[in-house]
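Engineer: missing the sequence, but the structure's below:
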């Protein structure tokens with residue numbers, strides 16, 4: 001898929017570093033972010049949702065979904081990527097450890113490979129120094145059980 005843009009929306013639980021939901025799309029449209037938000041909310045409802053100022057996170061449907069669940073909305077200031085450091089680092093990891101190492105044939109392969117990386121590698125096999133070198137799933141089991 002060289003020469004094509006692919007967008008990824010991810011929702012991370014900052015405490016455990018678990019990726020709660022994700023979506024891949026060839027288009028930067030409302031379903032890219034709304035579907036993973038709805039999926040993540042079926043698992044748990046956070047107190048705060050933080051994102052950048054991307055239009056996909058500021059759509060009426062997205063914001064009203066957060067408001068219906070009484071979730072405080074936090075948005076990084078324009079031009080301040082360090083205020084969204086967890087997501088920026090996650091995207092860097094995804095690019096370095098998966099995307100840049102592969103040449104995908106089609107969007108289906110992108111979805112499959114990125115899904116595998118997120119669900120099997122990032123959440124279950126990749127230790128984080130901030131979690132005492134535990135994986136997100138190990139940290140979650142140890143701290144939320």
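Structural biologist: Nice, I can see it. Model, not experiment: these values are computed from the prediction.

Engineer: which residues are in contact with stretch 134-145?
Structural biologist: Identification of contacts with stretch 134-145 by C-beta atoms under 8 Å, 6 or more residues apart in numbering yields 13, 15-19, 122-128, 131-132. The C-beta positions use only the backbone N, C-alpha and C, and glycine is treated the same way.

Engineer: With stretch 97-115 instead?
Structural biologist: So stretch 97-115 is contacted by 1, 2, 6, 8, 22, 24, 26, 94, 117, 121, 126 (C-beta under 8 Å, 6+ apart).

Engineer: and those, which are buried?
Structural biologist: 8, 22, 24, 94, 117 (16 or more other C-beta atoms under 10 Å).

Engineer: TSV please, covering those and showing secondary structure, pLDDT and distance to residue 69.
Structural biologist: Listed next are the buried ones among the contacts of stretch 97-115 as TSV, based on DSSP: H, G, I helix; E, B strand; the rest coil; pLDDT from 0 to 100; distance: C-beta to C-beta, whole Å:
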residue	secondary structure	pLDDT	distance to residue 69
8	strand	93	23
22	strand	95	19
24	strand	95	24
94	helix	95	26
117	helix	96	28
